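Colleague: dropping the sequence and predicted coords here.
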Amino acid sequence: MSNVYVFDHPLIQHKTAMIRKEETSVKDFRELVKEIAMLMGYEATRKLPLKEVEITTPICKTNVNMLDGEDIAIVPILRAGLGMVDGMLALVPNAKVGHIGLYRDPDTHEPVEYYCKLPNDIDKREIFVVDPMLATGGSAAAAIDFIKARGGKKIIFMCLIAAPEGIEVLQREHPDVDIFIAAKDEKLNEHAYIVPGLGDAGDRLYGTK
């Protein structure tokens with residue numbers, strides 16, 4: 001099954017508490033989401049492959065470890081996932097960025113892809129799928145389905161807030177995908193909102209209702 005990592009770092013806990021607060025402004029919410037994504041990305045990239053290369057310092061030649069090709073892709077699930085991209089790019093500025101847009105069919109309630117643009121070499125990249133909320137797990141699982149259908153193999157999912165129901169679905173549908181979470185919450189309510197959660201992440205990022 002997927003490995004699930006829930007962060008206990010004090011800075012991540014503090015900043016996650018701040019984005020939960022109803023009175024946090026749009027500006028502060030955006031900045032906090034970016035900062036949390038960067039802190040999470042530091043740990044989520046721990047297993048990136050390294051290679052030994054020879055360099056010359058001002059003193060002498062030496063062998064050092066560097067990223068093996070920096071072949072990384074960041075794929076936000078539109079629209080809220082966009083809020084996490086800049087935090088990840090602060091760590092890996094050479095990463096390519098894809099985009100996946102989904103909506104829920106009103107009759108079948110199944111996720112439907114309306115937009116998908118990925119790097120041509122997605123099959124060769126370490127892929128970080130990002131979305132602030134993991135609620136039912138349907139959108140995350142569908143997005144990863146679409147990436148795999150286009151050749152993606154090495155995939156990590158990152159979110160800020162997750163419900164147990166969403167974690168269970170994502171683990172069941174994609175047991176090969178590691179899941180990184182800033183905070184695991186109590187449950188979903190009758191409207192499929194995470195409790196206690198933080199409301200609608202997209203609306204809070206962009207000031208919409």
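Modeller: That came in fine, so what should we check first?

Colleague: could you pull up the residues touching the one residue sitting closest to the centre of the chain?
Modeller: For the chain, V130 is the residue whose C-alpha lies nearest the centre (CA atoms, centre = their mean; 2.2 Å). Contacts for V130 (CB atoms under 8 Å, 6 or more residues apart in numbering) come out as 37, 74-77, 81, 84-85, 88, 157-159. For every residue, glycine as well, the C-beta is placed using N, CA and C.

Colleague: for the residues you listed, which two are the farthest from each other?
Modeller: Using CB to CB, the contacts of V130 span at most 14.5 Å, a distance reached by V85 and F157.

Colleague: those two: which has the busier surroundings?
Modeller: Using other CB atoms under 10 Å as the criterion, V85 and F157 rank with F157 on top: 29 against 20.

Colleague: need the contact list for that one.
Modeller: F157 touches 129-131, 134, 140, 144, 170, 174, 177-180, counting by CB under 8 Å, 6+ apart.

Colleague: name the SS class of it, please.
Modeller: strand (DSSP: H, G, I helix; E, B strand; the rest coil).

Colleague: how near is it to I122?
Modeller: From F157 across to I122, the span is 15 Å (CB to CB, to the nearest Å).

Colleague: pull out the buried members of the contacts of F157.
Modeller: The neighbour count (16 or more other CB atoms under 10 Å) marks 129-131, 134, 140, 144, 170, 174, 177-180 as buried among those.

Colleague: count the neighbours of G101 for me.
Modeller: Counted with other CB under 10 Å, G101 comes out at 16.

Colleague: which element is the spatially closest residue to it that is not a sequence neighbour on?
Modeller: Spatial nearest neighbour of G101, chain neighbours left out: Y115 (3.5 Å); criterion: CB to CB, 6 or more residues apart in numbering. Using DSSP states H and E, Y115 sits in strand 111-117.

Colleague: C-alpha coordinates for that strand, PDB please?
Modeller: The C-alpha trace of strand 111-117 is given here as PDB (Å, rounded to 0.1, in the frame of the first residue of the first chain):
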ATOM      1  CA  PRO A 111     -14.600  13.100 -12.300                       C
ATOM      2  CA  VAL A 112     -14.400  14.200 -15.900                       C
ATOM      3  CA  GLU A 113     -11.200  15.600 -17.400                       C
ATOM      4  CA  TYR A 114     -11.600  18.900 -19.200                       C
ATOM      5  CA  TYR A 115      -8.000  19.900 -19.500                       C
ATOM      6  CA  CYS A 116      -4.700  17.900 -19.400                       C
ATOM      7  CA  LYS A 117      -1.300  19.300 -20.500                       C
END
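
Colleague: cheers, nothing more for now.
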